[in-house]
Structure formats: structure tokens, C-alpha cells
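*Asks:* 3D, please:
(chains A, B, C, D, E, F, G and H, ligands or ions: 10)
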Amino acid sequence: MAGKAKIDAERCKGCGLCVEVCPNKNIEISQDTNKMGYFFAEPCGNGCTGCALCALVCPEVAIEVYHETTQPTAPD
Amino acid sequence: MAGKAKIDAERCKGCGLCVEVCPNKNIEISQDTNKMGYFFAEPCGNGCTGCALCALVCPEVAIEVYHETTQPTAPD
Amino acid sequence: MSEKILITGNEALAEAAIRAGLEAYFGYPITPQNEITEYMARRMPEEGRVFVQSESELAAINMVFGGAATGKRVMTSSSSPGISLMQEGISYLSGAELPAVVVNIMRGGPGLGNIAPSQSDYFQATRGGGHGDYRTIVLAPSTVQEMADLMFPAFDLADLYRIVVMVLGDGVLGQMMEPVLLEKKQTHRKLPAKDWALTGCAGRSQNIVKSLDLVVPRLEKRNLMLQEKYRRIEENEVMCEGHLLEDAEIVLVAYGIASRVVRTVVSRARKEQIKAGWIRPVTLWPFPSRQIAAAAERARLFLTVELSYGQMFDDVRIAVAGKAPVHFTGRAGGAIPTVEAVLDEVKKLMQPGKVAVER
Amino acid sequence: MSEKILITGNEALAEAAIRAGLEAYFGYPITPQNEITEYMARRMPEEGRVFVQSESELAAINMVFGGAATGKRVMTSSSSPGISLMQEGISYLSGAELPAVVVNIMRGGPGLGNIAPSQSDYFQATRGGGHGDYRTIVLAPSTVQEMADLMFPAFDLADLYRIVVMVLGDGVLGQMMEPVLLEKKQTHRKLPAKDWALTGCAGRSQNIVKSLDLVVPRLEKRNLMLQEKYRRIEENEVMCEGHLLEDAEIVLVAYGIASRVVRTVVSRARKEQIKAGWIRPVTLWPFPSRQIAAAAERARLFLTVELSYGQMFDDVRIAVAGKAPVHFTGRAGGAIPTVEAVLDEVKKLMQPGKVAVER
Amino acid sequence: MKTVFERTETLYDRPTHYCPGCGHGVIHRLIAESIDELGLQGRTIGIAPVGCSVLAYNYINIDMIEVAHGRAPAVATGLKRCSPDMIVFSYQGDGDLASIGAGEILHATHRGERFTVFFVNNAIYGMTGGQMAPTTMLAQTTTTTPTGRRSNREGYPLQVCELLATLPGAAYIERCSVHDAAHIRKTKRCIRHALQLQLDGVEGLGLVEVLSPCPTYWRMSPSDARKWLEEEMIKVFPLGRFKG
Amino acid sequence: MKTVFERTETLYDRPTHYCPGCGHGVIHRLIAESIDELGLQGRTIGIAPVGCSVLAYNYINIDMIEVAHGRAPAVATGLKRCSPDMIVFSYQGDGDLASIGAGEILHATHRGERFTVFFVNNAIYGMTGGQMAPTTMLAQTTTTTPTGRRSNREGYPLQVCELLATLPGAAYIERCSVHDAAHIRKTKRCIRHALQLQLDGVEGLGLVEVLSPCPTYWRMSPSDARKWLEEEMIKVFPLGRFKG
Amino acid sequence: MTEKNCREEIIFAGFGGQGVILLGKLMATAAMKAGYEVTYIPSYGAEVRGGTANCSVIIDNEPIASPLVTEPDTLIVMNQASFDKFVPKIKPRGLLVMNTSLIETPPDRDDIEVMGVAADEIAHQLKSPRSANMIALGVYLKKRGLLTPQQVAESLPYVLAKRHHDMLDVNTRALMHGG
Amino acid sequence: MTEKNCREEIIFAGFGGQGVILLGKLMATAAMKAGYEVTYIPSYGAEVRGGTANCSVIIDNEPIASPLVTEPDTLIVMNQASFDKFVPKIKPRGLLVMNTSLIETPPDRDDIEVMGVAADEIAHQLKSPRSANMIALGVYLKKRGLLTPQQVAESLPYVLAKRHHDMLDVNTRALMHGG
Ligand SMILES: Cc1ncc(C[n+]2csc(CCOP(=O)(O)OP(=O)(O)O)c2C)c(N)n1
Ligand SMILES: Cc1ncc(C[n+]2csc(CCOP(=O)(O)OP(=O)(O)O)c2C)c(N)n1
Ligand code: SF4
Ligand code: SF4
Ligand code: SF4
Ligand code: SF4
Ligand code: SF4
Ligand code: SF4
Ligand SMILES: [Mg+2]
Ligand SMILES: [Mg+2]
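*Replies:* Ligands and ions are numbered 1, 2, ... in the order given. Model prediction:
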């Protein structure tokens, strides 16, 4: 695992776009709902590469992405 | 004289466009004013060919044109 | 006989307009009246009639201007900010004496405000928010049934007097549902022929629809004719309801949704031995000044209740003309006076020994 | 000391606005106030200030909205139909509490009407032709000198209360010339800092200029604050002139150009032993109700004179509150009541033995 | 004696209120003649704008309506949608159509409304006394551009035909001029063509822009005004067909 | 751990009121990031329109103003002329900019005003519940075109970039989209470029149109909405630079 | 209807997708068909999208003057936020029907009658997670007896959009369930 | 100014190009400079362009209340249409100055003083056809003596547009001419 996507469950609206975009199938929709009543997204598995595509498409800016190693793919 | 331009002096505002356009110098501006206070245009000379250019440019539609012979130049 | 259906005020109004013979609707979306525009978008083409979503309220009122000039029954609808944009157009319609119906489902203001109910456009509706000395007939329904029922006189009055008729509702009336019985088309009045309409001048002389007259005495005369027409309307077209006025010591005056709060207040007050009565203007212009003046002969005081900070209040004061103190209570910005608060106000005013001082 | 110059009302107003610190003018041509726009087109760039001929009145009032939000002194001017188009914008300015000056040089209406003088936009100006419960301060000059002089308090009041100030003139005042002494810039009042202005949030927290609040209690609170402000203005900012009221049996009430007709009428009436006096509201809102109520304690009757069919009449009746009959005389569509006609009306009303019946 | 030229029936025999040498009178005549030639007098509704031509109904003897400044295309939409069998045209100045009414003409074109617009571009606000119009030329002095129009403050002259021709809803767009006899003839053909298209039920809006002199506020003699139009205006507003 | 992606400073850390999958949130982010990258937070004034994004000031932490429906370009003119040193942008929907505000955007462009417009085209009126916009696609059903938009009644979808690019007053016009990550990146570059041009004092208006999904009133899942945008909308609204 | 002064004021509240608006319309329609006077008022939350939704219904055998409900006889509440907002408004001796699947705290009032129902769980068991609203309404109907669940179910076709008519059956079952 | 109650109400009327508006402004300016109170009101005819123009001037040594002139003390009239319109309004014992070059009929009132002047012809003779208005004003000034032609001429530079300052001399001569 080179990266880590942190999803704010309370900010998420469960649109599923991050799930769809993740090249590593590293996000899934939870069975639980948050306080707003949405089934939120949560990271799953260990495949995150820190590519930040999920954060890039998230309409709620609910995702932060971290990288363990030296050369991250920076979104612009 | 093949044609005849009839100018309604009371309708004329003396803009002089008919004078300028007449290929035969057949119109001039009078020394008198009409009831509205304009120095109106009046036919002069006998050169009118009935070409109706004067009527075509007159902003006041103050001119009617007649023709004595058979083939008038119709404006469209 | 048809059955009652549960329907929103906006839809009831729209369907009734169609049954009243509406031939063309022009409008621009705005909450809380979108149901009207959307209903028209669906139903008017079904009926083979005209529906146009205009690019703006300015365009809508001017499409109404054109449609009305052809002699067709036309209307537009909007809510507060959109109605403000129509003020020039309404003044033009009035000056040109074109019949048209304009619906305002009022929302909280000023500015963008919010989409909650309000009665803060009373001045605009009754005094002419546009320029010049003109009036529009203003009808104020208070139930969903009336949202429908008043559309028939709305179009009739417009045609009869060649005037703009404004139907003034609010967000609650537009959005709430009540059981409604919908009328068949019926014209209640004998209406004059529209010989002024623009239908092509074949076989007659030119018709001109206009409001300009650069010659002062002629424009003055036109204005005097308008004023004469307005006097006739004031004479003949006042609509008003009242209850328990025979012995009322306090008369509550309210229209539209506020009048329903007031009815409950009055019946509760009566239970507490307070001699209260109420008057509900149905026409806000012409205003039922005479009816209020009559009540003022007997009543000890008046209380006006509005979803605003006191607009109809002015008309009540003018009608009462000092014969009794006139008080006001109201809320705005989308808030609605509660039965409890108004009842408290009534009790406070009616306290034995309390000298009523005008606000 | 500078010399008097003979100048039109429109130009006097424009020059005074510049001296009062106007920083940006936005406007669209319309008769009879084109001299203002044209004067600004010439002078504002000379002063290095902003002049924009907008594409419409709608754009003009919204440019004013933007300009005002930066904290600059801004204004627009127009005449009746153009002012109708600004109603949404004025409601927004009021809701957002932006200071701005709007000049209306009224012309004959309704609709396109004509370009002759009129006072038929009184309702629109004083009651809010736009939607929602808002007020604008309305200043009504009656001489060319005052067209200039009132521009100083206009800008000051706008800034002091974060409110729209409307200057309500008419075609005669705009177009006529009188000798005028032009003031230097001077601020008569201590003005608050414009810490709400949009100047970039560097070094402070975000400023937001807005009129929306979807949360009803919050919008209601905002409205209550506005109402509180309006009460303060009613308390402190009434301007009014009166003459010969001590023993007046008949009080004539008129503003603007009509007040000058009335002055002549009153002095002629006095010559004929009629005890007449006059009141001239300078602020139409806040209306000098108290002054009129005071006069009503003594006077036998009131006569309101307007270039309309009775708009200020409502305010006079509310103020008099039944203490004396209030009569009205006026003309519109560009016509102006003559001294002779008004004097005749006064004589008729004051006929000994005649019982004055209200219109 | 054969009549070569006389006033057409639909044109009232009345003096106009226009200034000497104004272009409006000629354009009125061309419209009236076209109406008569197509036999439309009894089934046409004309719209007079706010502008010098506000009194057009005093000159053209058909059913007419006077409308708010700039809103003619919205009014025309109302008229035509309610009376699809009538021939509807608006007559609008450059202030009216291109400034305050820009939204309305754009959207009527956008919707493909089926009426005809006669757009009289005289590069000035005539009626209100000579202020800048959107079509005012660069460097042209007006009462609101006393030192001449400048592109960096007031922008460039607005080319209405070019703009509207980009919309699919426009059926026919052409720019003409009335500065001399030949162009007057050509303008007449365009006006008649536009009306004919409407008569034929062609989908979409027809617009004829007519460059027209305003000697008064150009502060020129009628003759000089025509020269200026020919030499200066046409450079910025090229004549020709832009659509249809 | 190195941070690859985090919320930019100028974007408030607050939940939005937008529907799941709405495009507005992404666009807000791109604007806020551009402002921060150019260091403009302290000298920018943003204009929120009337539309779903009316509350934009709750998300973007700069001085902001909320204006009447459609009038943002007029307000921006007032702001920028009075404060030429500030960076001024308007944020407008397709109903706001292309329908009721068509006159204002046209004239601000015509005059060559020097502010920036972010034009969010979602082919619908979101805020009022899904009515037709001028940019609604042919056959698209909305609450006011229940049987689908038809060209012969409501006209063709209005192409704003193409229209405004014809005006000399436009300095920079480009159409982008936020339907996938690559296009989101590209949109960000356009937004930043537009602000940079204003910062550089370039004469004329900059406008970035952003195609943006409205899953709610397209009545699609967020994912389907993105596909529809890519496959249908871009055909009618081709991406690319139209000016500058 | 023969009883005198039978009047019931109800507020239905929850978040956007929970179908409380539908409940209100359903109840109002059924009551209308049963011969009552009714009013129904929707009220959307402060937020444009999402957030909470609620509506008020009045059922009366006399004509209804004010349709506004400030102190409901009954509150049917589906989520925590609405619970917090509306519980204080219930009339003394009023009724609270609460969805215990999403509401954690018990009400801190002892002057009202409280009925908890795990509406979401039950709906899940019925294999119709979107019918939680009907479960709650069923509980209320069983308690109050103003209308029978059967009467209410008969109005379902009038308020449910055509495209959801496949849910008529399951909704009817949910209504009948009664908690 | 010492005389009491010196007040003069004048209407100037003619058609568009005759310069009656200028006369009004000129008279008002000169009176102002002489220390009088003055008002000047232009009034354009019904027609947008052309047609008649007129203006009213009041000169008073007291502050002027109503600036409107309905019955002038003096009418200075340059053409027939204006003559027909305004002659009936002149105050009894008032003064009429009429341009006989363009007005054919004599006034049918015997309660006013009439002064005819062939203003256009005289102006022609002075080689300044556009100065007919000044000729008429000169006649008036000679008659009324409220201000001298010289006083009035001194105000010419203030009211004449800069681009017409080449006409200052000839206009002064026309003013002095006095009919
Ligand atoms: C709402 C409104 N704004 C302004 C005016 C004033 N106005 C009358 S005509 C006109 C412009 C005239 O110019 P144009 O349209 O070019 O016509 P032209 O007179 O040049 O033929 C204006 C601004 C008005 N009548 N109504
Ligand atoms: C004058 C006026 N008219 C109408 C409205 C109602 N209204 C609010 S937003 C809107 C349109 C929203 O559509 P768009 O601009 O496309 O923005 P979106 O919500 O799609 O982002 C309308 C018509 C209003 N607030 N003011
Ligand atoms: S950063 Fe990339 S890999 Fe990691 S969760 Fe997000 S999209 Fe998937
Ligand atoms: S994209 Fe954002 S809002 Fe959508 S599911 Fe993922 S985290 Fe939630
Ligand atoms: S008809 Fe021709 S020749 Fe005759 S006067 Fe006219 S222009 Fe001259
Ligand atoms: S063109 Fe017409 S108006 Fe002009 S001078 Fe000749 S006749 Fe007179
Ligand atoms: S001002 Fe210009 S457009 Fe108007 S009538 Fe005169 S010449 Fe024609
Ligand atoms: S309605 Fe559409 S545009 Fe508005 S917030 Fe929802 S998805 Fe976004
Ligand atoms: Mg023009
Ligand atoms: Mg949109």
C-alpha cells in the first residue's frame, strides 16, 4: 500500500463516483448511513496507490489522499 | 419633357435629397417657406424624364411622378 | 356532479384558469409557483392552446401584452421578485387597457428573501408597483377551493373592464392541498365584444393598441377615463366576507391565509367571552372600505393581521378614518402569525380598563 | 463665495451629486432626465470617476448594486418607466442594505404616457414598488436650488442608514432653469465606516452582501432589523416645511412642483381673507405625519394637491385620522393644476355654511 | 398621363414628425408598399417600438401596437403564437433592439419565432436626443460619448446580423441601407422577401437590418449623412445576406 | 506521509447543500484552488447567482455578493469599474446566464468588461425543480417540456460560447466539462487561465463554460449522468477554446 | 362520521428520501375520501436540496380555518434531526410515533404518549426498505383508529406515482403490519 | 432693483428652428444678472421633432412660487401656429410682440397691446436670417424697459453655444435694432 484515501463519512453523500473511478477498487459503499441518511463511501482493501482520482471527482471534497513514498501523482 | 414630378410643398421638409438625386437638375429649393417653416423643394425646368428617383429618395413621400409616354421606369 | 379531489392550490388555480377559457399562458419558473407553470406546460398543449416558457418575467409580461392584444384570454404567473420585474409591463397593460390575469404567489422578501409564504407585496399589488395612476383588480383567495373559484371572475373582470386582474396568493396557498370541486367553464357576466383587438384591419378601420399620447390634454383625458373606470369598479366590484360583526367589539381584518388564522382566533376568543368579529377582503382593490367603515360605527377597535409589517393596515386606517383605533400585528420573512400569538394580542387589547393606544 | 448660475434642475442635481462625492454613475437615457446622464458622461471622466451608459435600467440598477457593494458612492437616474424596471433591483438593494441614490424625474403615465411632468409615482416611491417589506427614503425637491441641495443629505442618509434614497422630481423641475448657488462638498453627518463593503478579505473575515435567507426565523430577524431601522428613520429624519399654520382653517398639502402652485394659491387666498396655510413634505417617506396631525388639531379641513389622482392623499388621510375632512384635487397625464383652479377649489370648500364632505 | 410613382394605399397621407432627411420615412414607405404588393393590409399586425418611430401607427394603416422599449420581440411572440394566421412584424431601432431589448431579440430568434423584424440601425438614440447606441461607431461623438466612442470603455459597434445569424432559429437575416436610390430599391426587395417567407410559413425568424441616416444627431446635413453612412458605416456594418 | 490531496484553504470545510453527484461542488473546488494558487484570496470578489449555487458564499471563503437572477454581469460591471484592482468573477447557471440574463452577459461582453465568468451549463433549471433551460437538449424531458424539447417550439440548445466568441469584447472563451477526472483537470487549467488573464489586465471578458451534471433533474444516477454528459451533451456543446 | 369535534393535527417529519411528504398526502387523501375536511401543507427545510422535510395534515369534521399546525396532536417522526426539532411542539397528552431505527434518544417529555417502532428494520424484514414510512403510519393508525389501515391503503394508488405502482402491494402490507 | 411688485411673465413661442428657447434663456440670464429672481421653463410641442416650441420666463423681485405661466403678461410669438395657440392666453392689458413676416392675421383681441415687427425681413436685411428672434426681443425690450438691450446683449455669451460665438456681434446688432 503506497497511498491512503481518507473519506469523511459525514461529508459523503454516497454518489459512488469515487468507487467508480478508483483504478484499484479500493473504495466501496457502506451498509450504514451517516447522520444525513446517506450510505457513505469507505476505503476497502489495501490497493490504494494514492493516485487521488477519487478526490478529484468527489463533488463533496470529502476525500483526502496521502502517500507514503516519494513521488505522488499530484492533481492540478 | 417626358415626365412630371409633383411635389407637395406642405409635406416637404426641404432636405434637398431630391434635388441632389435628380439626374436632370429638375428640382430646386424654393426661397419661400411652407407653413411648417421649411424651405420646400419645387420642380424647375423641363428636363424631367419621369425616372422617379426623386420620389424614391424622398423621406416624406412628398413627390408623385407621372409619365406622358408608354414605358416608364418603375421603381420597385 | 364531479368529485372532490385533493390538489395543491397552484394546480387548482391552473386547472381553473384553463376551464375559464385561458387561451395562452406565458411564464418563467420561480418557487413557490412552479406547479402552475408546469401544469400549464402539460395541459395547454393537450388542449391545443398556447404555452410558452419565456426567457424571463419581463418577456412573459410582454408576451401577455401581445397575446392580450389579439383578444385572447391570457395570463402569466410568478412570485414576488418576478412580479417586480413585471411592473413596467403591468403599467403598459393598464395604460393600453388590455385585459390580462397576473398571478402572484408571494414569498418572503425583500430581495431574494426566501421561498416561504408572505403577504408583503400588498402595496405593490394594490397601489401599482409600476409608474403612473393605474389600478389593478386584486383578488385574494384564502382556500385552495377559492384559488380555483376566483379564476372565473378574474378573467371575466379582466375582459369586462379591460384591466389587469391580479390574483394574490402566497406560498402556503400555492403549495397546500385541500379537497376541491372544480367548476365547468362558465362566464358569470355579460362581456363586451373585443372590437379593439388586433385581428387584422380587413373590413374595418385600423385598430391601435397603445399607451402613449404626447399631447397632454389627450393623455389627461385618457387618464380621466381610466379614473372613471376605476370609480365604477370601486362602486360595483367589491367582494368581502365578514362574520360576527353585529356585536363585535374588536374586529379583526385579514385576507388570504392570514384570514384563516384570524377565523380560528375569533372563534377561540368568542369561547373566552370576547366579542370578536372578522372581516376578510376578497378584493384587495377595490378595497371594502365601506364595509369596514360600517363596522367602525359599532366596534371599539380594529386589529389588522398580515404576513407583512402592515400594508393592508394603511387601507384599514383610511377606511376607519379615526372612528376607532386600528392596531396591527404581523410577521414576515416567511413567518406566519400563530393563532396563539394573535389571540394573546386580542386579549391584551381587550383587557378591561386598558386604554387602546394606536401603534 | 461663488456666484449664482442659471442652470436646469437636472444639471444642478448632477453637479451637486458630483460635489457630494459621487464616485460612479450608471444610467440609461430617458426623457425628461437625459441632461443628468449627459452631464455625468461629460463630467465624471473629467473627475476621473466612473460613468457607464448601461444597456438598460435593469442593468443600471444592478451596476449600482455592484458599485454600492464596494463601498463607493453610486447613483442612477431615470424616469417613470425606467424606474419601474428597477423595482426588483431596489428591493434587492434594500434587502442587502446597500446605500444608493436613485433619481426619478417623473413623467406622465401609465405605460409610455408622455414626457410631460407628473407626480404619479408617489405610491411606487413611498410604498415600495418592489416586493417585500422595505422602504426607501424619498426626498422631494421643489426648486432647482433644492434639486442640488438635497443631493448632499441624499448620499449622507444612504450611507448612514445603508438604505436606498430616492430623489423624486418631475419633468418641470428637471427641465426648468433657476439661479442656483452650488455648494462645495460637505458631509453634514458623522458617517459609519463601511466595514461591510467588498474590498477583498485580506486581513479580515469574509464579507457577504446578500438578501437571501432560506431559514425563516433568520429572514424574519433580518426583516425585524430592517423595520427597526425604518422606525429610527421615521423618528429622526422627517423633513417638512409649513407656513401660516397658526390660524389656518384650510391646510393645503403638496410636495415638489405642486407645492409651488400651492404657495401662490395660499398667498392669493390670504389676500381674499381666506385663512389658508400650507404644508410641504420634503421627505415623502418618512412622511411628516406628526406635523400634519398637529395641524389637524386646529384646521377645519385639508386639501391635498398633486400631479396625480391622489396618492399622497392616502398618507394625509392616515395622518389626519378623521380629525378633519381631507379633500383632494389634482391632474395627471402631464397636466399641472393651475393656481386659478386650485384657488377656486379652496374658495368652494371654504364657502361659508358649506358642509365639507369628503370625496 | 401614366402614374409612375404614387403613395401606396397603406401609407397614410399625413405629414410625419421626422426630421428633414431622416431615414425612417423611406423605410415606412417600403414596408407599406410591400404589404400592399403582397395584399396583406387586412391581416398584418405591426409593432411600433419606443424610439423616433414610436408613432409609426400614424403612418402605416394596419392594426398596430405600441410596446415597451425593447420588448417588441416578446410582444411579437405573444401576437404570433396567439394568431398564427396573422403576419406579424416589429419595427425597432438600434437602442430598442440592440441595447435594452438584446435579451428579447436573442431569445425570439433562439426559439425560432415566426415573425419579421425590421431593424433600423442609425447608430444613435434619436428620440432621446442623440446618446450612444450599441451600434454607434468608434470615435463617433454623441451626447454620452462627448469625446467619441472608445473601444476600451464602451466596446466595439455591435453587429446584430452577424450575431443572430449564428442561431439556428434565424431563417433569414440581411443587412441593407437606404442611403441612395439603388440601395432603397434593394432594401424594398429584402423587406418584401422577409414578409413573403413569413407568409409561406417558413420556420424561424426573419430580420432585415436597415442602415438609416439620422442627420439631426449625427449633426450633418441630410446629404452629408448619406455620404457618411456610405463611406463609414458600411465599412463596419457590411451589407448583404447573413442567413437564409 | 505526504499529502497528495487536501481541501484548499479558500474552500470552507462544510457540507454542501448539493444533491449527491452534482457538478457544482467540483467546480467550486477548482475555483477555490485556482484562487489559492494565484494567491488571490484577499483580493477577489465572487458573485453568486440565483440557482442551485446561490449559497456559493458558504463554500468559498472570499468576499462575495449574491445578486438578482441573471444580473451578475451587470453587478460585476459595477464591482470591477469601481474596484479595478480587485479580481471579480461571476458564477452563473444556464438559466441565469443564458435565459433571463442573456442581455446582461451579451452587453458585458460587448463592452469588453474585464471580469471572469464561470458559466455552469447543466442543461436544466436545478434550483426551481427541473424546468427547461435554453441549453436543454432536443428531446430532453423536463417539467416544462414533458414530452421533450422540440426545435420547432422551443428552439435549439443555445450555444453560449459560440455566440459570445463572435464579439470583439470577448478576450477568452472556452468550454470544458467535469464529467471525468481528466476533464476536471483540464477545467481547472481553464479556470486558472481565465483568472490569470484578468490579473494581467487583459482587455475584455473571460468566460469558461463548464458542462456539469445534474443527476437529480436529469433523473439519472450520478454515474449515468456523467455518461450522458459525455455521450450526448458534448456532441451539442463541443469542448474547446473559442476565443483567446 | 358521527363523533363531535373529532379533530386531529399531525406533523410528519424526516429527511428527504424517507417519504414523509407521501405519508401526509396519503393520510389527507384517505381522510378526504372518508368524508372528513382535510388540509395538507408541505414544508421544506432550509436547505435547497436534502436536509429535512416535513408536512402537516389536519383532519376535522368541521371546516378547517387555520391550516397551520404549530402544536400537533400527533408527531410521526422518522429521523433524529426532526425528532429534536418537533418533539417539543407536541401538545400535552399528544402522541409521538418515532422511528427507533434512526432515533437513539428517548424523548425527555413525560406528558405525551410515546410509541417507538423500528421502522427501517421491519421494512428490511419485509424486503422493502423504502416502506419504513408505511410501517410508522400503520402503527399510528392502529393506535388512533381514525381511519383503518385498509381505508388508507385504498388511497395509495392516488398518491403513489404511476411508475411506483409495483410497490402498492408491499406498501399495503407494511401499513397493515402495525409495528 | 427698487420698484415694488415688479413682476413679468413672458411666453416665447415659435417653431423649432426659430430660437425661441434661446430667447427665453437669454432673457432669464440677463434678468438674473440684473438681480431679479427668475424662472425659465421650456415646453416642447406634442411632436417629437419639429413642430412648435415655447418657453415661459418669470421675472420678479420677490421669490417666485409657482413657475408656471398660464396667462402671460407678454407673448413674443414668431409663427402662425403659436400665435393661434397663445394669443387667447395673454392677460388683459398684456403685450403681444408678433413676427409679421410669418403671421398674417391680426389678433382678434382689443384688450391687449400689439406690436408687430417683420422680424425675418429685418434679419434678412441685417444679413443674418437666423437673428429674427433677436429682432423681436429687441422690440420687446424697447417697449418694456425692464432690461436694456445692452444688458441683455451682455448675457449672450452665456447662452449661445461656443461654436456660435461668431454670431455674437450680429445678434447684438439685431437686439439693438428694436424693430
Ligand atoms: C424603459 C425605457 N427606457 C428608456 C426609454 C427612453 N427611450 C425612448 S426611445 C429610446 C432609444 C431610442 O433609440 P433607438 O431605439 O435607436 O431609436 P431611434 O430613435 O434612434 O430611431 C430611449 C432610450 C423609454 N421610453 N423606456
Ligand atoms: C427574477 C427571478 N426569476 C426567477 C427566479 C427563480 N429561479 C431561481 S433559480 C432559477 C434558475 C436556476 O437555473 P440555473 O441558472 O440553470 O441554475 P442551476 O440551479 O441549474 O444551477 C430560477 C428560474 C428568481 N429567483 N428570480
Ligand atoms: S487515491 Fe486512487 S487508488 Fe487510492 S482510493 Fe483514491 S482513487 Fe483509489
Ligand atoms: S465521491 Fe465523495 S460524495 Fe461521492 S461517494 Fe465518494 S466520497 Fe462520497
Ligand atoms: S422624376 Fe427623375 S427627372 Fe423627374 S424630377 Fe424626379 S428625379 Fe428628376
Ligand atoms: S426629398 Fe422630399 S422632403 Fe426632401 S426636399 Fe425633396 S420633396 Fe422635400
Ligand atoms: S432624431 Fe434622427 S432618427 Fe429621429 S427623426 Fe430625427 S433624424 Fe430621424
Ligand atoms: S438540482 Fe441538480 S444542479 Fe441542483 S444541486 Fe441537485 S444535482 Fe446539483
Ligand atoms: Mg437609433
Ligand atoms: Mg442550470
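*Asks:* nearest the geometric middle of chain E, what residue?
*Replies:* Centroid-nearest residue in chain E: residue E:119, 2.3 Å away (criterion: C-alpha atoms, centre = their mean).
*Asks:* can you classify residue A:25 as helix, strand or coil?
*Replies:* Assigned by DSSP: H, G, I helix; E, B strand; the rest coil, the conformation of residue A:25 is coil.
*Asks:* dump the residue contacts of residue E:183.
*Replies:* Counting by C-beta atoms under 8 Å, 6 or more residues apart in numbering or on different chains, residue E:183 makes contact with E:176, E:177, E:239. The C-beta positions use only the backbone N, C-alpha and C, and glycine is treated the same way.
*Asks:* how does it look with 6 Å?
*Replies:* With contacts defined as C-beta atoms under 6 Å, 6 or more residues apart in numbering or on different chains, the neighbours of residue E:183 are residue E:177.
*Asks:* need phi/psi at it.
*Replies:* Backbone torsions of residue E:183, given as degrees, to the nearest 10, read phi -70, psi -30.
*Asks:* can you tell me how far it is from residue E:230?
*Replies:* Distance of residue E:183 to residue E:230, computed by C-beta to C-beta, to the nearest Å: 9 Å.
*Asks:* extract the residue ranges of chain G that are flagged as low pLDDT.
*Replies:* G:1-5, G:44-51 (pLDDT under 70).
*Asks:* chain E contacts on chain C?
*Replies:* C:24, C:50, C:55, C:59, C:62-63, C:65-67, C:69-70, C:72, C:88, C:92, C:198, C:200-202, C:206-210, C:212 (C-beta under 6 Å from any C-beta of the partner chain).
*Asks:* where does chain A dip in pLDDT?
*Replies:* For chain A, applying pLDDT under 70 flags the ranges A:1, A:70-76.
*Asks:* count of neighbours near residue C:186?
*Replies:* 10 (other C-beta atoms under 10 Å in any protein chain shown).
*Asks:* and stretch C:178-195, end to end?
*Replies:* End-to-end span of stretch C:178-195 (C-alpha to C-alpha, to the nearest Å): 40 Å.
*Asks:* does it reach chain G?
*Replies:* Yes - using C-beta under 6 Å from any C-beta, stretch C:178-195 comes into contact with chain G via C:178, C:179.
*Asks:* residue G:107: neighbouring residues, count only.
*Replies:* Going by other C-beta under 10 Å, the residues that sit close to residue G:107 add up to 18.
*Asks:* ok, so what distance separates the closest residue to residue E:141 other than its chain neighbours from residue E:191?
*Replies:* Spatial nearest neighbour of residue E:141, excluding adjacent residues (C-beta to C-beta, 6 or more residues apart in numbering or on different chains): residue E:148 at 5.1 Å. Applying C-beta to C-beta, one obtains 33 Å for the distance of residue E:148 from residue E:191.
*Asks:* what do you get for residue G:74?
*Replies:* Per C-beta to C-beta, residue G:74 is found 72 Å from residue E:191.
*Asks:* please enumerate the helices of chain E.
*Replies:* E:24-37, E:72-82, E:94, E:102-111, E:151-154, E:160-164, E:181-199, E:215-218, E:222-228, E:234-236 (DSSP state H).
*Asks:* of those helices, which is nearest residue F:58?
*Replies:* Among the helices of chain E, the nearest to residue F:58 by C-beta to C-beta is helix E:102-111 (29.6 Å).
*Asks:* what does that closest one rub up against?
*Replies:* Contact with helix E:102-111 is made by C:55, C:59, E:71, E:73-74, E:77, E:97, E:164, E:167, E:169-170, E:205, F:102-103, F:106, F:155, F:158, as judged by C-beta under 6 Å, 6+ apart.
*Asks:* spatially nearest residue to residue E:110 (excluding sequence neighbours)?
*Replies:* Closest to residue E:110 by C-beta to C-beta, 6+ apart is residue F:155, at 4.7 Å.
*Asks:* model confidence for that neighbour, exactly?
*Replies:* Reported pLDDT at residue F:155 in the predicted model: 97.
*Asks:* just checking, it touches residue E:77?
*Replies:* No - between residue F:155 and residue E:77 there is no contact under C-beta atoms under 6 Å: 11.4 Å.
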